[in-house]
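> with the input below, show me the fold.
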Amino acid sequence: MLDIIQLLPDSVANQIAAGEVIQRPASVVKELVENSIDAKSTKIKVFIKDAGKTLIQVTDNGIGMSETDARMCFERHTTSKIKKTNDLFVINTKGFRGEALASISSVSKITLKTKRKIDELGTLVEINGSEIIEQEIINCKNGGSFIVKNLFFNVPARRRFLKSNSTELRHIISEFQKLALSHSDIEMSLYNNDNEIFLLKKSNLRERISLIFGRKTNQNILSIKTETSIIKIKGFLGKAESARKTYGEQFFFVNNRF
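Numbers count the residues shown, from 1 in each chain. Have a look, this model is predicted:
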């Protein structure tokens, strides 16, 4: 009798993982912006077209990657953020599983341009549905730029699952707001079809809240702060007269993670 258990090809395994990690364009925005934050960026720009269905581009001025890292980052379970089991108990970064970029590249056409400050030239990597199309040395700015085109082009069922552009854009804005609120020390911007949605300069948290939810918000929030031997809590609460029936503007973060 023939053996029936086989090792899945990487392309198939990545697509399966993509179904768990990448649910919609907002998932891509979240993963890429989190990587930019972990790369010690002080400025992050997000450009999308058709609510991310056609294009998602995240550009930062972070530490960038070497030629080898630029290729390795698309492999499953490759990460710079943990090395041993004990690291799991002191995680202060965002994505650390090493599945995001492998998952995104398996269901899209993705281009990476990246360069470290110490390097004279940068690296370009192009991947089409997990298949490496091109890798070459190029002249580019310091940091990283990920361009994701035609999300789910090779998974028609997932593509049809996506909602209207207005719904998908709403999900993207929600993810962007969470990251922007927890990192007010980073300049962040978001554009859809070349229209500016957010242009957030580096600021304190109160100012960031006002820039996202409107200047009137500043008058309706109260600062809170407390500290014990095991936890520190700080943030803002809305005044009673500004209370709403829905929880849409309630945000809780632990170690800057939503």
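> where does the stretch 1-150 of the chain have low pLDDT?
Low-confidence segments of the stretch 1-150 of the chain (pLDDT under 70): 1, 17-20, 82, 87-88, 91, 95-98.
> just the strands in it please.
43-49, 55-60, 109-115, 122-128, 131-138, 143-149 (DSSP state E, counting those that start in this stretch).
> contacts for the fifth one?
Strand 131-138 is contacted by residues 11, 67, 70, 71, 113, 121, 122, 123, 124, 125, 126, 127 when judged by Cβ atoms under 8 Å, 6 or more residues apart in numbering. Where C-beta positions appear, they are placed from N, C-alpha and C, glycine not excepted.
> got the strands of the stretch 1-150 of the chain as JSON lines, with mean neighbour count and distance to residue 170 columns?
Formatted as JSON lines, the strands of the stretch 1-150 of the chain follow (neighbours: other Cβ atoms under 10 Å; distance: least, Cβ to Cβ, whole Å):
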{"stretch": "strand 43-49", "mean neighbour count": "21", "distance to residue 170": "12"}
{"stretch": "strand 55-60", "mean neighbour count": "22", "distance to residue 170": "15"}
{"stretch": "strand 109-115", "mean neighbour count": "23", "distance to residue 170": "24"}
{"stretch": "strand 122-128", "mean neighbour count": "21", "distance to residue 170": "29"}
{"stretch": "strand 131-138", "mean neighbour count": "12", "distance to residue 170": "33"}
{"stretch": "strand 143-149", "mean neighbour count": "23", "distance to residue 170": "19"}
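> nearest to residue 15, out of those?
Residue 15 lies closest, by Cβ to Cβ, to one member of the strands of the stretch 1-150 of the chain: strand 131-138, at 12.3 Å.
> and whichever helix in the chain runs longest, what's buried?
As assigned by DSSP state H, the longest helix anywhere in the chain is helix 165-182. Of all the residues in helix 165-182, those buried under the rule 16 or more other Cβ atoms under 10 Å are 165, 168-169, 171-173, 175-182.
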